[in-house]
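Engineer: got a predicted structure here, sequence first:
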Amino acid sequence: MNLRKTLLVVDDEKHTREGLRAAFEDAYEVFVARDAAEAFRLMQDVPPDAVVTDLRMAGEDGMSVLDRALRLPGRPVCVMMTAYGDIDTAVEAMRRGAYDFLQKPVDLRRLALVLERGLKARSTEDELDRVRTRLDRKFALGEVVGSSPALLAAVERTRQVAPSGATILLTGETGTGKELFAQMIHQNSRRPKGPFVPVHCAAIPANLLESELFGHEKGAFTGATERRAGRFESADGGTLFLDEIGEIDAATQVKLLRFLESRAIERLGSHKPVSLDLRLVCATNRDLEAMVREGKFREDLYYRLAVVPLRLPSLRERRDDIPLLLDHYLRRFAAENGVAPPRLSPAAAAVLQDYAWPGNIRELRNAAENLVVLHSAREVSPADLDPRFRVPSVARPAPSQPAPAAGPAGPASLDREANEKRLLREALVQAGGNRTKAAELMGISRRTLHRKLLQWPELDTGTHG
């Protein structure tokens, strides 16, 4: 089987097309055409991987060859050549989709390099398209990007559990995409046409959370001037997603446990149960088992929530996915802003792949938007990156390998609390002690950061901002 790339040379000068055939026949399967009409027939019979065409020829010119080639399913790499090189022609060819523009007589070494780079870039684009198509077709959600074993294991677990009615507990660091996976579970459940209702428990004051979740009757408390349905009732027939479930207080834990046992809730100020049919998905970045041991979270509730535990990997555990994610978000934000996406130089890409990403995908997404806004249609060098990206990465597992779970007596490098403290200390140092900026660097809320500083006062630098 011939695996060599195919190259089509189009030129009305025999010595030029035969010379290019001789120069490239060792590296490519070369076909030659003396005019556009012959080129069109060859394209139909053998769709080329690359096309090198003269601009000025008898009959239809090279622009026609370019346009026809770029309508082929595989969109070959097209290089225009002419003895009448001028800026306007070059700009027009590039605008139509040519990969490069060379002036005759063509430098063979330069042409060889252009073809090699163009085909490599096209191969990368094709692979990214295949990943996007596969994930979009399977989940109808384009945000899931990557092919690392750690991610694919989480995706496969999601596929298995989504059709069931089991309560699911999503765990993982902040910014790993827990809400996205909750949406995937809903989309692939038996109730995808029902509502998907997300609730960020830490964002609602504790004295309001119970009413927000379960609703209240008129007169239930001062200011309750009318009956109000809560988020549970809003999610009836669909999925309720409770994010940061580790932040709920004891009273709310009791009412949540009661719902899981009876599938009914009671509004504040009422003793009449309201039966509901909904799927419950919860998420946390905290260690609920440790909270159970410390008496901060009910053990019976924990086991009710964790019928199916699903851990999402951090970016440090799926570093091979970082280039795919960057490409995805650079293209997305460029399209949203109507600009060309920036191009990462190999050195800049290496810096970003080696960065610790304490804020995970959320931080990466924000970084990609920043690059689009500041460097659209440009090549990004390491000097263009925020200084924080050049901080050496903390201890991390090998690329694409999920981090093993540390046991009770596991080594210090696998201790989750120690790693979280180290990342928080690093963020505070980078932020000069400014809490708001440190929270942004980690991709967490300022309230969550404040809670962690209360937990670990030795990290507090005393600068509040």
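Structural biologist: Everything's here; your move.
Engineer: show me where this structure has its strands.
Structural biologist: 6-10, 29-33, 50-54, 77-82, 100-103, 168-171, 196-200, 239-243, 264-265, 274-275, 279-284, 308-311, 343-344, 379-380 (DSSP state E).
Engineer: point to the residue nearest the middle of the protein.
Structural biologist: Leu325 (4.4 Å; Cα atoms, centre = their mean).
Engineer: and stretch 280-299, how far out from the chain middle?
Structural biologist: 27 Å (Cα atoms, centre = their mean, to the nearest Å).
Engineer: touching that stretch from outside, list them.
Structural biologist: 167-174, 178-179, 182, 185-186, 239-246, 250, 253-254, 257, 260, 302, 305-306, 416-417 (Cβ atoms under 8 Å, 6 or more residues apart in numbering). For every residue, glycine as well, the C-beta is placed using N, CA and C.
Engineer: check which residues of that stretch are buried.
Structural biologist: Within stretch 280-299, the residues that count as buried by 16 or more other Cβ atoms under 10 Å are 280-288, 291-292, 297-298.
Engineer: residues near Pro105, how many?
Structural biologist: Other residues near Pro105 come to 10 when the count uses other Cβ atoms under 10 Å.
Engineer: and it, what's its pLDDT?
Structural biologist: With respect to pLDDT, Pro105 scores 86.
Engineer: list the contacts for it?
Structural biologist: By Cβ under 8 Å, 6+ apart, Pro105 has no neighbours at all.
Engineer: now the helices for the stretch 351-465 of the chain?
Structural biologist: Secondary structure of the stretch 351-465 of the chain (DSSP state H, counting those that start in this stretch): helices located at 360-375, 416-430, 435-442, 446-455.
Engineer: any idea how far the residue nearest to Arg68 when sequence neighbours are not counted lies from Arg71?
Structural biologist: What sits nearest to Arg68 in space, not counting adjacent residues and going by Cβ to Cβ, 6 or more residues apart in numbering, is Phe40, at 5.9 Å. Using Cβ to Cβ, to the nearest Å, Phe40 is found at 11 Å from Arg71.
Engineer: who has more neighbours, those two?
Structural biologist: Comparing Phe40 with Arg71 by neighbour count (other Cβ under 10 Å), the higher total belongs to Phe40, at 16 against 10.
Engineer: from Pro73, how far out is that one?
Structural biologist: Relative to Pro73, Phe40 is positioned 15 Å away (Cβ to Cβ).
Engineer: tell me how many other residues crowd the nearest residue to Arg157 once chain neighbours are set aside.
Structural biologist: On the basis of Cβ to Cβ, 6+ apart, the spatially nearest residue to Arg157 that is not a chain neighbour turns out to be Leu310, at 5.5 Å. Using other Cβ under 10 Å, Leu310 has 22 other residues around it.
Engineer: shared neighbours of Phe40 and Arg71, anything?
Structural biologist: Contacts common to Phe40 and Arg71, judged by Cβ under 8 Å, 6+ apart, are absent.
Engineer: hmm, Ala264 is touching Leu276, no?
Structural biologist: Yes - assessed by Cβ atoms under 8 Å, Ala264 is found in contact with Leu276 at 6.6 Å.
Engineer: who has more neighbours, those two?
Structural biologist: Comparing Ala264 with Leu276 by other Cβ under 10 Å, the one with more neighbours is Leu276, at 17 against 13.
Engineer: let me know the pLDDT of the closest residue to that one other than its chain neighbours.
Structural biologist: Spatially, and ignoring its direct neighbours in sequence, Leu276 is nearest to Asp236 (4.9 Å; Cβ to Cβ, 6+ apart). On pLDDT, Asp236 comes in at 96.
Engineer: distance check, Asp236 against Val308.
Structural biologist: For Asp236, the distance to Val308 - Cβ to Cβ - is 22 Å.
Engineer: over to Pro205?
Structural biologist: Pro205 is 30 Å from Val308, by Cβ to Cβ.
Engineer: more neighbours: which of the two?
Structural biologist: Val308 (17 against 8).
Engineer: I am finished for the moment; much appreciated.
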